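1. below are the sequence and a predicted model for it; my questions follow.
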Number of protein chains: 2
Amino acid sequence: MRIRGEPWRSIFVGDDGWTVDVIDQTRLPFSLEVCHLRTVDDAVRAIRDMIVRGAPLIGVTAAYGVALAMRESASDVGLDSALEQLQSTRPTAVNLRWALARMGEILHREPPSQRVERAYAEAGRVAEEDVAACADIGRHGATIIERLSAGVGGRPVNVLTHCNAGWLACVDWGTALAPIYAAHDSGIAVHVLVDETRPRNQGASLTAFELAAHGISHEVIVDNAGGYLMQQGRVDVCIVGSDRTTRTGDVANKIGTYLKALAAHDNGVPFYAALPSSTIDWGIADGLAEVPIEQRSAREVTHVRGRADDGQVIEVEVVNPGSEVSNPGFDVTPARLVTGIITERGVASATAHGLLSMYPERSGAAT
Amino acid sequence: MRIRGEPWRSIFVGDDGWTVDVIDQTRLPFSLEVCHLRTVDDAVRAIRDMIVRGAPLIGVTAAYGVALAMRESASDVGLDSALEQLQSTRPTAVNLRWALARMGEILHREPPSQRVERAYAEAGRVAEEDVAACADIGRHGATIIERLSAGVGGRPVNVLTHCNAGWLACVDWGTALAPIYAAHDSGIAVHVLVDETRPRNQGASLTAFELAAHGISHEVIVDNAGGYLMQQGRVDVCIVGSDRTTRTGDVANKIGTYLKALAAHDNGVPFYAALPSSTIDWGIADGLAEVPIEQRSAREVTHVRGRADDGQVIEVEVVNPGSEVSNPGFDVTPARLVTGIITERGVASATAHGLLSMYPERSGAAT
């Protein structure tokens, strides 16, 4: 997507042909800085310190991290050590494990002398596959926005989104934001209501940055406001991402998603989750019972990061000192509240039948 | 209520018999400071700068502000000027207008020489009436918590609340928190889930401070988390306050209340609003259509106030610079989602019939 007219990706190989450049997401939205990864240690630090975040981007960064490691030591020992080191950064990220397994399998089959070249090629493939899937999600999702556009009498279609499921979480396009970019780029007027998304404020910082940079009309709201805006008819559709979706269409996503789905349902607003099929857990049928919900650190709640008057980005304490805090990271929106699942193959109903009709090769998994 | 064992109120007359002392709520939760109001200008500043906030407390502060004004000039001109000056501080606050009208009516009937004494007496009466109403709300609401307590097998009753409807918003007890204090003080184990309540964070700062100071078990959560916690069976009852409730039981309250009511309904969790009958607008039947919703300043969303590492309380910017912001201050929870209204006379169903049965003298208003 674009930043003030220039095409960007969240990760790319630099002009020297081997340095891996990533946008430093800890500096956003206040400054746009590129971080140059030249060693596997750099890649480890980028993932661990959340210079990069978002499951797809973490996977791609890890893949390139293996490529960087091969430049340092392409031996079997070097390869295994790099895989292990990268795996330890964010132990629960599914895409990370998947990308590292893929890199390991392919590189172990190559002689060490071929591994650098092969690793860069494969990491590039991981990135391009993600871009292609996101572009397809955008294309399918845009048809929903286009259809709504016909019914709103010439004004922009108002889309509410939660958290950041944009190109900064992926390589390009994003998942939940891909339909918005695709609609906008094809000339459909869109206006985005951006949930702040406490505790980490990915909406107010990253989603708002992305949309502003690409020139898409939007407004930031606190997480509390979405229900009121739906009551007022100010939201035409909700589109969110997902961290894991069951084969029955239950959608695990950033905490607070469920509340917006309830409000959408109560006000007759369609509610979609946009995700690549790799996010579907075909082995799970009951999201509420079976998706483990990560408890994150209390500090995310007790402290807020922002820019002070002097321009420094700092953390301030916002909770009564000494009060207990709890911080569940995700919730599960039951399929009954989900209008549809936007995937790279099309829009499926949020049911086992709907998803399996679109991914018939998975029918063996649904036992 | 108590702060570390000491009984406190949010406003009281000092040892000299005339200075009006208030807790400086802009300093909470990081420091507990008393602000001494000695002139009507002090009272105006306290209300305008939100040193005091919460509709009942604003009304009481204004009443005492009139008393302070009478010490300076008890003439008719002095009285009218004080009433006007105080009225201009927060033009939309219903209790402010009501308290000033009451003071004006009574003092205009007195000769100037009697007005100081009469004003202090009447302001004290306004305060005591608020305390009595809140204590009654607490007593009635505590029966709900007590009944739930019998069914949870010895563990504490988990109560979720939103914003601050505690004694800091009133004089003592509070509205939504009154049942919690009453239950706790009578030996029922209670645990409170405190919504942070963006954008102004009254939950994380004021409610958490109050509960901690009184020794009540609680945990602060982001506004996004309540739905998940209800799905997990971690909430036994929700109790919120109200800024205005229709005669049909629609509850206008701090933005985000509606989302919690939806989640409570979806999970079979009882949802109560606690309010003095002065909050009921007997002339309004349709909350969504008829309650005007205040749009508040963008800065409340774009900036967060908190304590920096050096101990200074400052504001930091948290939204992508240049992004549009919208900030509706309240929403309306339809009566169908409200289990009951806890008032000073008892718990009514959230219907015109339920409220009128409890306030039959109002039946003329319901046309």
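-> Good, I have the coordinates. Note that this is a predicted model, so its numbers are computed, not measured.

2. need the contact partners of stretch A:117-135.
-> Residues from elsewhere that reach stretch A:117-135 (C-beta atoms under 8 Å, 6 or more residues apart in numbering or on different chains): A:9, A:11, A:13, A:18, A:56, A:59-60, A:63-64, A:66-67, A:70, A:99, A:102-103, A:106-107, A:110, A:167, A:170-175, A:178, A:182, A:276-278, A:344. Every C-beta, even on glycine, is put in place using the N, C-alpha and C of the backbone.

3. please save the CA atoms from it in PDB.
-> Extracted as PDB, the C-alpha positions of stretch A:117-135 are listed here (Å, rounded to 0.1, in the frame of the first residue of the first chain):
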ATOM      1  CA  GLU A 117      20.400 -18.400  -2.200                       C
ATOM      2  CA  ARG A 118      17.700 -21.000  -1.500                       C
ATOM      3  CA  ALA A 119      16.700 -19.300   1.800                       C
ATOM      4  CA  TYR A 120      16.300 -15.900   0.200                       C
ATOM      5  CA  ALA A 121      14.200 -17.400  -2.600                       C
ATOM      6  CA  GLU A 122      12.000 -19.300  -0.200                       C
ATOM      7  CA  ALA A 123      11.500 -16.400   2.200                       C
ATOM      8  CA  GLY A 124      10.500 -14.300  -0.800                       C
ATOM      9  CA  ARG A 125       8.000 -17.000  -1.800                       C
ATOM     10  CA  VAL A 126       6.500 -16.900   1.700                       C
ATOM     11  CA  ALA A 127       6.100 -13.200   1.400                       C
ATOM     12  CA  GLU A 128       4.600 -13.300  -2.100                       C
ATOM     13  CA  GLU A 129       2.200 -16.000  -1.100                       C
ATOM     14  CA  ASP A 130       1.000 -13.800   1.700                       C
ATOM     15  CA  VAL A 131       0.600 -10.800  -0.600                       C
ATOM     16  CA  ALA A 132      -1.400 -12.900  -3.000                       C
ATOM     17  CA  ALA A 133      -3.700 -14.300  -0.400                       C
ATOM     18  CA  CYS A 134      -4.300 -10.800   1.100                       C
ATOM     19  CA  ALA A 135      -4.900  -9.400  -2.400                       C
END
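
4. just to revisit the earlier point, just the buried subset of the contacts of stretch A:117-135, please.
-> By the neighbour-count criterion of 16 or more other C-beta atoms under 10 Å in any protein chain shown, the contacts of stretch A:117-135 include these buried positions: A:9, A:11, A:13, A:56, A:59-60, A:63-64, A:66-67, A:70, A:99, A:102-103, A:106-107, A:110, A:167, A:170-175, A:178, A:182, A:276-278, A:344.

5. can you tell me which of those residues end up in helices?
-> Within the buried ones among the contacts of stretch A:117-135, membership in helices is found for A:56, A:59-60, A:63-64, A:66-67, A:70, A:99, A:102-103, A:106-107, A:178, A:182, as judged by DSSP state H.

6. got the buried residues for the lengthiest helix in chain A?
-> In chain A, assigned by DSSP H, the helix with the most residues is helix A:112-149. In terms of neighbour count (16+ other C-beta under 10 Å), helix A:112-149 has its buried residues at A:115-116, A:118-120, A:122-124, A:126-127, A:129-131, A:133-142, A:144-146, A:148-149.

7. so for that helix, what's the average pLDDT?
-> For helix A:112-149, the mean pLDDT works out to 98.

8. helix or strand next in line after that helix, which one?
-> Using DSSP states H and E, the helix or strand that directly follows helix A:112-149 along the chain is strand A:157-161.

9. who does that following strand pair up with?
-> For strand A:157-161, the paired strands and their directions (DSSP bridges) are strand A:190-195 (parallel), strand A:237-240 (parallel).

10. which positions in the shortest one come out as buried?
-> Right, the one you point to is strand A:237-240. A:Val237, A:Cys238, A:Ile239, A:Val240.

11. surely the second one touches A:Thr161?
-> Yes: applying C-beta atoms under 8 Å, one finds A:Cys238 in contact with A:Thr161, separated by 7.1 Å.

12. ok, which of the buried ones among the contacts of stretch A:117-135 also contact chain B?
-> Filtering the buried ones among the contacts of stretch A:117-135 for proximity to chain B by C-beta under 8 Å from any C-beta of the partner chain leaves nothing.

13. let me see the domain layout of chain A.
-> A:2-129, A:139-362 (automatic domain parsing).

14. adding distance to B:Asp49, write those domains out as CSV.
-> Putting those into CSV (distance: least, C-beta to C-beta, whole Å) gives the following:
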stretch, distance to B:Asp49
domain A:2-129, 29
domain A:139-362, 19
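
15. among the ones you listed, which is the most enclosed?
-> Looking across the domains of chain A with neighbours counted as mean count of other C-beta atoms under 10 Å in any protein chain shown, the highest average goes to domain A:139-362: a mean of 22.

16. can you give me the end-to-end span of that domain?
-> Between the opening and closing residues of domain A:139-362 we find a distance of 23 Å, counting by C-alpha to C-alpha, to the nearest Å.

17. which SSE is A:Val269 in?
-> Element membership for A:Val269 (DSSP H and E) is empty, with no helix or strand holding it.

18. pretty sure it is touching A:Arg234, no?
-> No: under the criterion of C-beta under 8 Å, A:Val269 lies out of contact with A:Arg234, with a separation of 9.8 Å.

19. confirm that A:Asn253 sits in a strand.
-> Yes: in this structure, A:Asn253 lies within a strand as judged by DSSP: H, G, I helix; E, B strand; the rest coil.

20. I'd guessed it sits against A:Leu259; true?
-> No: A:Asn253 lies out of contact with A:Leu259 (C-beta under 8 Å); the separation is 11.3 Å.

21. format the CA atom coordinates belonging to stretch A:16-23 as PDB.
-> Written as PDB, here are the backbone C-alpha positions of stretch A:16-23 (Å, rounded to 0.1, in the frame of the first residue of the first chain):
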ATOM      1  CA  ASP A  16      22.200  -4.400  -1.600                       C
ATOM      2  CA  GLY A  17      20.200  -7.500  -2.300                       C
ATOM      3  CA  TRP A  18      20.500  -9.100   1.100                       C
ATOM      4  CA  THR A  19      19.800  -6.700   4.000                       C
ATOM      5  CA  VAL A  20      16.200  -7.200   5.200                       C
ATOM      6  CA  ASP A  21      14.400  -3.900   5.800                       C
ATOM      7  CA  VAL A  22      11.400  -3.600   8.000                       C
ATOM      8  CA  ILE A  23       9.300  -0.700   9.200                       C
END
